[in-house]
Structure formats: structure tokens, C-alpha cells
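1. predicted model follows, preceded by the sequence.
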2 protein chains.
Amino acid sequence: MQENNWDIVITGGTLMTMSTGMEIIEDSIVGIKDGLIVAVCQNKDSGRAAFQTKETIDASGCIVMPGLVNTHTHLPMVCFRGMADDLPLMEWLTGHIFPAEARFVNKKMVYDGAMLAMAEMIMSGTTTFCDGYFFEDTITEAVSIAGMRAVVSQGFADFATPDNPMFEKMMAAAKRFVKHWQPHAPMITPAYFCHSPYTCSPATLVNVKEAAREAGILYLMHLLENKDEIDTILNRYGKKPVQHLLDLGVLDDQTVAVHCNWLTKEDMAVFADLGVKVSHNPESSMKLAAGVAPVPEMLQHDITVGIGTDGCASNNDMDMFREMDTAAKIHKVTLLDPTVMSAETVLKMATIDGAKVLGLNKLIGSIETGKQADIILVDMNQPHLTPLYNCYSQLVYAARGADVKTSIINGKIVMKDRQLRTIDLPTAMKNVRNIAADIIARK
Amino acid sequence: MQENNWDIVITGGTLMTMSTGMEIIEDSIVGIKDGLIVAVCQNKDSGRAAFQTKETIDASGCIVMPGLVNTHTHLPMVCFRGMADDLPLMEWLTGHIFPAEARFVNKKMVYDGAMLAMAEMIMSGTTTFCDGYFFEDTITEAVSIAGMRAVVSQGFADFATPDNPMFEKMMAAAKRFVKHWQPHAPMITPAYFCHSPYTCSPATLVNVKEAAREAGILYLMHLLENKDEIDTILNRYGKKPVQHLLDLGVLDDQTVAVHCNWLTKEDMAVFADLGVKVSHNPESSMKLAAGVAPVPEMLQHDITVGIGTDGCASNNDMDMFREMDTAAKIHKVTLLDPTVMSAETVLKMATIDGAKVLGLNKLIGSIETGKQADIILVDMNQPHLTPLYNCYSQLVYAARGADVKTSIINGKIVMKDRQLRTIDLPTAMKNVRNIAADIIARK
């Protein structure tokens, strides 16, 4: 009998693998060693006597599943959570968000904000996210300390930003950023983020895509969040946004389009053909009244779609459980069809499909031997999770972020029994409260 | 200086009164005696040395607010939570829910289900609800034990039900029910619930309304949940549902219409004129793909609208915080207008306006001296509730049921620091698990 020396064993939980076969294993064992999943089986098949482990996590009464993948965030925007809501879009953006960003975004703000956002994400089941904001370099330092897995993207737009007062120098800064962080893969994966087709010139869009191809990294973009964008691009370039991007040659399977609320069937054919991925942020788009992305049709076109929360100024939380619930329900009522966006479909979007969107599906997104150990335990021993007929339904329609008990990223326990291990939560909250107090005082 | 002998004092919280002036009092004092709110003031104005109290609740770091009012529930349906989801409506209803109800609904099931549902409701901030199900008499016994405030309704339909195999005898049973429970006001308020215009004949609708008027109680009805209902009623009676009910004379200010997803402007004028109230259940109607109620237009017509979760087979939880979040967002995206359904409007719907819907607004729904003490404390010392710019935004867009720390109903503490005091939670969960195991075994 082979002796196993594991770092961690998770025992006795209901394991939702989210692998191709979508196996669910009752009374399961997951063995973790050197950051990797080295065993997945039923307890009775584990040869229990034979393994030794440094730490045993009792998962009885829990669902054990892959950590959630949040495909779109702006972490430091937690500092603006609830600062300005229920306003007309342009008043919100130009009267509140942009001025606040211009005045209050600095390295300390993004670091403190990122730390609090990561605390919130870990405590609600997210283990991997894809972020884009100003001073992303500083954010990424925080990510390293928190021990989360992330795609971190350097932003581009054709105007000065808090971190790039000379926007002509963005590319040089971006290249330094990628060079610095690429060796930190697969925990940190740098990427480029062109803000949108209406804030980036054709030259910027093309140059950045070229640089992304050269570096072998993802190329992200907000696309078709609002309907206005269609007319804006049509007036400016004589074609609709997706055609514009297609003609520029920037669409491919390393491109992630965020929002896509106004994607047409023709656009979907283009995306499907080229392998463009989509990040779906239903709650943000509902709250901003931006639109409902035609996700069920995208799935019919075999487009890979992940879920994202967006920033906290437009949601106002980072709870992927809540986002899953909304993602499942909004399309049913929009299409008046209760069969679209099943709980199983949505849970895939929040795990393995989210990993595919970020190009990380060989590493994470399911629980299989050989994959990186990004695993969460959801405590099902709760009144609102009783009784349990169907794990997918329960997780999507009834579970909440607060039900996540323990979280492991890259084989490291970052939260155990709701206690964070890599982030000092009281300090993270205090720092952001101080930033908010300063914003209120100086308004 | 007058000496106050209070039963409970809640001290140091941010008090959201939800009274007409919507006052928010920092570092507040709420005094409770004999089930009533006897003092509401700032700590510094309280003459602290002068009052004596049996129990002091430290609310520092908390929002203190009226308990939430859930205007539409079917408590025992927690037993079917997640049993059948993502199905076509008729398959769901006639293939799963109706057969399960016919086979498994009995007194034990409704009692156990109600107990678990109330545990879930208390733990997510609800203090008052309006229920309708089979064996409502047994449910009401559970309500008395749990110490929640409720409108409990005896149902009517023109077919046999688990509790009334001879449907002709429903009225006699209903009258007994009302007579038995009316003396338990204001904790228990009996009402009549005609299932819908398509399951109740004109004679039933009229007879029940007459009996409701005689008893001076509320008259509830599911109305215009699905679009089909319009054609069904039109074909049967030659007029649309609201006109049908208007002609029958059953609409008045003691009538509560549940759902109203397909209410027209003409219908709204009728409701406004007669004072008919509405219970809005956005998550249930999204999940069942039933429709989006035109609530912003109803509010423009000065119709009083409350929020409800509906039963757990169609939601699948009873968390009013989640329901508020969805209520605020779904109308923004439906009307493509981010200014409709502000957080403040939605929080009123879930408190004082919900109380108005149930005819209880003189007793509950706001924190004012003389009102019954139905009060919750929300622990704001959480990462996802940091920082705090606006209490309304934070509660509606970021808070969750799990953030409710302590709950007081009728001056009695039913939950303190997340520990239930009137319900044995492990037993409540075990009982419903056993019911579910039986359903699974006998399917």
C-alpha cells in the first residue's frame, strides 16, 4: 500500500467536481500536496489508514467545490460602495465616479481598497478574479499578499488617468507591468485592458492587441454595455462596434469582451467563429439600467461565458453567489422561459467556464487530480439550505456568500471557519473607512 | 427626573426610523416596555442615569431598523425547496408541485415546514409575514410558538385540497379559523385568500369577500401572475381579470393582489381609486418566468406596494434582503432607467409600506414611540458593508439576511447574536430533512 504524504486532506463532504462528467461524490476525500490536487475519491476508497497529512479539514455537512471565478472586477471601487446610487447614468459617471476617481485614486487607495475587496471575495467563495483599474501594479502587490489567484490587467484609454497623467506613456508602463508579473504565473497572470471602443482610438486598440499577442496575454475590453455605444461607434466609424473591432483585427480567442448587453446574432456568429469570450455582469447592468446580455443565445452559439460582479460602485457587492442567483433568474424572465440558464449551467459559468474565459481552465475551475487546489467548502447545515434535493439548485438559488466556511487557494488555506488567514480584516476595514471619511470631508 | 423602568434598551446604534420624516438617529436609544416602543432618542438626550432596564442590547456598529415585512409566503413550501427547478411552468406545477402537495402535505408537514421557514425568516430579518397554505390552522399554532407576527390566511379554491377534501365545506372551516384566531390580534391576524380568479368561481369570489367584510379582515388573491391568465378570464367571462373582479365588487382597500405582473394602466387606475394593495414578488416571478410587475408605474399611481418572497419552491429562499436588492434592480433594467425604485423606496416597501399592505401600519413598520417593538439589528461591521456612505443603499444593495444580528418581535428577543430563542433550529432542520427523505424515497 502506497503511503501518501499530503499537506491537506478534505474529508467527508459532498464533492461537486464540475469536471466534464460533472461527477458528484458523496463522503469524499480530496488530497492536496504542493498546491495541487493529488487525490479525489470516495472516503471508502481512500485507503484511509495509508495516508498521512499535515492538516485535515472536516467537510461533513459541507459541499466541497471549485472556488468561484469572478471574471470582471475593479477592486478599489469598494471605496465608492454606495457613494452614489439610483442616479441617471451620466450624472453618476461624470458627476460622481469620474470626479472621485480623479481626486481620490492613488496608490494607497487602490492598495487598501483591493485588500478589502479581496477579504470580501474570499469570504464569499471567490478564489480567482480578473481585475482592471488604475495603479494595477500596486493592486497586484496586494493580490500577492492576500494569496488570491488573479488576472490583473493594465488599462488603456486615450486620455490621462490617475496613474498615467501622460497617456502616451501607457504602453511603456504596461510592458514593464507585464514583464514584472509574468514570472508570477499561474497565481498572477498579467493582461491588457482597452477600456472600450469609444474611449480607445483604432490605433490604440490595434497597438495594444499587437503587444498582447507579442506577450501571449489576454486582451480585455468593455463592450456594448449601453445601447448608446452602437450609435457612438456607428457615427464615428460608419460601422457597429463588433464590425469595427473585427475590421481592426483585434478579436480572437485571447479576447474577453465584458458586458455585451447589446450583442446581436451577427455579433455572436463573429464571436463564435473567432473564439471571443464574454464576461457577463448581470447585477451591475441591472442596477445601471444598461441592459440584459443575451446570454442564453450566446450559449446556443457555443460562446464561452463567465460571470463577473463588476466594481462595487455599480452592484454594490462582490458576492458571486448572489450574482449566480441573478444570472439564473434574469434571463428566464427576459425570455419568459423558465428553462433557460439552469442552475447547473450557471454554476459552470461561475467555475469552469469562468476559468476558460480567463484561459486558466487547465489549471483551475474543477476539482480533478493534477489541477491547482482552489477549493471552497460551503456549509449546508443552515435553515435556508434545508432540505437538500439538488446541489446545483441549492447553491445557485439559495446559498449566499456568507455560507462559505473555508477557502483554499493554490493549496493554501486562506480562510478557515470564516477566519481569514492572509488578510487582517479589521485593518482592511479601518483603512477603507478612513478613505471614505476623507472623501466625505473633502466633497 | 422621571425614572423609566424599561424591559429592553437598544443603545448606540444608527437608528433608521422609517417614519414619515425618515429620520436617521446616530448613537440612538430605543426603549421597550410591555412590547411597545416607549422611547426613541439620541443617547445624549436619554437622561441615561435615570432609566433602569432588565436587558441592554449594545447596538454599536449596527443599524437598528424596523423588522422586515414579507407580504407573501407559503411557509411549508420550504419542504420543496430545490425539488424541481428550471422546468416549463406547467411541467413544474402539474408534474411536480401539485402531485407533491397532494401526496405529502399534512399537518405534520405544514407544522415542521412552517417552523423551519420561520427560523429562516427570523435569521434574515423578517418579523412579520403574510402566509397562505393548506392547514393554516396548524401553521398558525407554529407561528404562536415561534413568536412571529403574521397575517395568516385560509385559502379558497373550487376544488378539493389536502385540508378540505370536500371543498364545499371550506367556508365553514374558514369561519371557524377566523373566529379562533381573531382574539390573538395583533400578533395573529386571520384573513381569507381566494387562490385566483381562474381557480375560484364568481360565486366563491363574492361569497368569500362578503364573509371577509363581515369579519373585517383582509381578502387576498394571486392576480395576473402569468400573461395566460388574461386570455383564460377573457374567454371565460368576456372581460379581463381586473374588470371581472371590479364587476363582482370584490375590490376595495381591504384587498391585497399578489404578483400583478400584467397589470395595465387602466387596472392601476382601478386599484388606485379603490385602494387595492399589491404584493410584489420579483424573484419568484423571475425564476418562474412569469413577468415583471410594473411597480414603478404602480407607485406613480399611488398604489401601496409591499414586497414578498413567495414560497420556497419558486424563489428558493425567504431572504427579504435579497428580495429588496432584486426589487431595486429589476425595474431599472426593465425600464432602462437607473433612477426608478431607489434604495429608499424599496426599503419603505419592505417595512412601512408592507405594513400598510397588511393593514398593520398603525402598529408596525417604523420605529416610533407607541408602536409595537418589532426591531432588527443589522451588523454593519462586515467587509461587504464597508465603507458606509448611505444606509439605504447599503441595506438594499449590499446587506444580506445573514447580517441580521438580533431580532425583537413584540418586545421579545427572538434572536440574539444569531442564536434563535423561540425555535429549536437543529430540530426544525432535522424534521424537514426527514420529510424530504420521505418524499425522495416515495417518489
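-> Yep, it's here. Residues are numbered from 1 along each chain as shown, chains lettered A, B, ... in the order given.
2. for chain B, what's its nearest residue on the stretch 251-400 of chain A.
-> A:P387 (3.3 Å; CB to the nearest CB). The way it works is simple: take the backbone N, C-alpha and C, and place the C-beta from them, glycine included.
3. wait, doesn't that residue sit right on B:A436?
-> Yes - counting by CB atoms under 8 Å, A:P387 sits close enough to B:A436 to count as a contact (3.3 Å).
4. compare neighbour counts for the two and give me the winner.
-> A:P387 (24 against 21; other CB atoms under 10 Å in any protein chain shown).
5. give me phi/psi at the closest residue to A:S124 other than its chain neighbours?
-> For A:S124, ignoring the flanking residues on the chain, the nearest one in space by CB to CB, 6 or more residues apart in numbering or on different chains is A:G401 at 2.5 Å. The phi and psi values for A:G401, taken as degrees, to the nearest 10, are phi -50, psi -40.
6. A:G401: what's it in contact with?
-> Listed by CB atoms under 8 Å, 6 or more residues apart in numbering or on different chains, the contact partners of A:G401 are A:M123, A:S124, A:G125, A:D319, A:M320, A:F321, A:R322, B:H384, B:R400.
7. the second one and A:T309 touch, don't they?
-> Okay, so that is A:S124. No - counting by CB under 8 Å, A:S124 sits too far from A:T309 to count as a contact (9.4 Å).
8. okay, and the common contacts of those two?
-> Common contacts of A:S124 and A:T309 (CB under 8 Å, 6+ apart): A:D317, A:M318, A:D319, A:M320.
9. what is the neighbour count of the third one?
-> Think A:D319. Counted with other CB under 10 Å, the neighbours of A:D319 add up to 26.
10. over to the last one?
-> When counting by other CB under 10 Å, one arrives at 28 neighbours for A:M320.
11. what of the second one?
-> Counted by other CB under 10 Å, the residues lying close to A:M318 total 33.
12. that one touches A:S284, doesn't it?
-> No - with contact defined as CB under 8 Å, A:M318 does not reach A:S284; the gap is 10.9 Å.
13. overlap in contacts of those two?
-> A:T309.
14. around chain B, pick out the residues from the stretch 151-300 of chain A.
-> By CB under 8 Å from any CB of the partner chain, the residues of the stretch 151-300 of chain A that approach chain B are A:K227, A:E283, A:S285, A:M286, A:K287, A:L288, A:A289, A:A290, A:G291, A:V292.
15. quick check, nearest of those to A:L377?
-> A:E283 (24.7 Å; CB to CB).
16. and the helix or strand containing that closest one, average pLDDT?
-> Taking DSSP states H and E as the criterion, A:E283 maps to helix A:282-287. Averaged across helix A:282-287, the pLDDT comes to 98.
17. gap between the very next helix or strand once past it and the chain center?
-> Counting by DSSP H and E, the next helix or strand C-terminal to helix A:282-287 is helix A:295-300. Offset of helix A:295-300 from its chain centre (CA atoms, centre = their mean, to the nearest Å): 20 Å.
18. give me the contact list for helix A:295-300.
-> Residues from elsewhere that reach helix A:295-300, judged by CB under 8 Å, 6+ apart: A:260, A:263, A:265, A:268, A:271, A:278, A:280, A:305, A:327, A:331, A:335, A:337, A:340-341, A:345.
19. need the buried ones from the residues you listed selected in PyMOL.
-> Restricted to buried positions by 16 or more other CB atoms under 10 Å in any protein chain shown, the PyMOL selection for these reads:
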select buried, chain A and resi 260+263+268+271+278+280+305+327+331+335+340+341+345
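20. show me what contacts A:H222?
-> Neighbour list for A:H222: A:H195, A:S196, A:V258, A:H259 [criterion: CB under 8 Å, 6+ apart].
21. among the residues you listed, which are in strands?
-> Judged by DSSP state E, the contacts of A:H222 include A:V258, A:H259 as members of strands.
22. same list (the contacts of A:H222) but as JSON lines, adding distance to B:A84 and pLDDT.
-> Formatted as JSON lines, the contacts of A:H222 follow (distance: CB to CB, whole Å; pLDDT from 0 to 100):
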{"residue": "A:H195", "distance to B:A84": "44", "pLDDT": "95"}
{"residue": "A:S196", "distance to B:A84": "42", "pLDDT": "96"}
{"residue": "A:V258", "distance to B:A84": "34", "pLDDT": "98"}
{"residue": "A:H259", "distance to B:A84": "32", "pLDDT": "98"}
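23. burial count for the residue lying closest to A:H74 once chain neighbours are set aside?
-> Spatial nearest neighbour of A:H74, excluding adjacent residues (CB to CB, 6+ apart): A:G311 at 3.4 Å. Using other CB under 10 Å, A:G311 has 27 neighbouring residues.
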